[in-house]
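Enquirer: Here is my input; please provide its structure:
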Amino acid sequence: MIGAMVHMLTKDATLKEMEEAGLDGMYAEHGKGIYPSDANGVPFSAMTFASTGDYLADISEDMAAEEKARAAYERLIDMAEDPALIEPLLFLRQREIVHFHRFKELYDYYKKEYKQKK
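Expert: Predicted coordinates for the structure are as follows:
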């Protein structure tokens, strides 16, 4: 969804506007195509996923990822002025909150089951 938002915001931008927004390097490499990367231009990589094989540790990692995403959406909302952009960001932020709570419920359940087995 973020990629779609970036596309909507840049599809009609002139090269001068892209340069003024600091997107000239991105434009030089990818035109106005969507290229998944972080705010510093570091490309997405599956190497960022963590898995330990321990379900409690892995669910904790998932919970942390949801909180990091929530925080990122909140910063994007703070930066945005267009209601058409803010509304889907609010939805995405709320989705991260719900995901966090579902992971927390699962974590608590498995934590309880693990203690009962010991």
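Enquirer: gap between the residue most central in space within the chain and E113?
Expert: Nearest residue to the geometric centre of the chain (C-alpha atoms, centre = their mean): A69, 4.5 Å. Distance of A69 to E113, given as C-beta to C-beta, to the nearest Å: 27 Å. Yep, even glycine has a C-beta here, placed from its N, CA and C like the rest.
Enquirer: before we move on, the earlier item: from memory the residue nearest to the centre of the chain sits against E96, does it?
Expert: Yes. A69 lies in contact with E96 (C-beta atoms under 8 Å); the separation is 4.6 Å.
Enquirer: Flag every buried residue along the top helix by length along the chain.
Expert: Longest helix of the chain, by residue count under DSSP state H: helix 83-117. For helix 83-117, the buried set under the neighbour-count rule, 16 or more other C-beta atoms under 10 Å, comprises 85, 89, 92-93, 96, 99-100, 103, 107.
Enquirer: Output the contacting helices and strands for the helix or strand harbouring the residue nearest to the centre of the chain.
Expert: For A69, the enclosing helix or strand under DSSP states H and E is helix 55-79. Where contact means 3 or more C-beta pairs under 8 Å, 6 or more residues apart in numbering; DSSP states H and E, helix 55-79 is packed against helix 83-117.
Enquirer: what about the helix it packs on, distance to the chain center?
Expert: The chain centre lies 14 Å from the centre of helix 83-117; the measure is C-alpha atoms, centre = their mean, to the nearest Å.
Enquirer: what mean pLDDT does that helix have?
Expert: Averaged across helix 83-117, pLDDT comes to 94.
Enquirer: go on, stretch 67-77?
Expert: 96.
Enquirer: Not counting its neighbours along the chain, what's nearest E74?
Expert: Computed as C-beta to C-beta, 6 or more residues apart in numbering, the closest residue to E74 that is not its neighbour in sequence is R93, at 6.2 Å.
Enquirer: Thanks a lot, catch you later.
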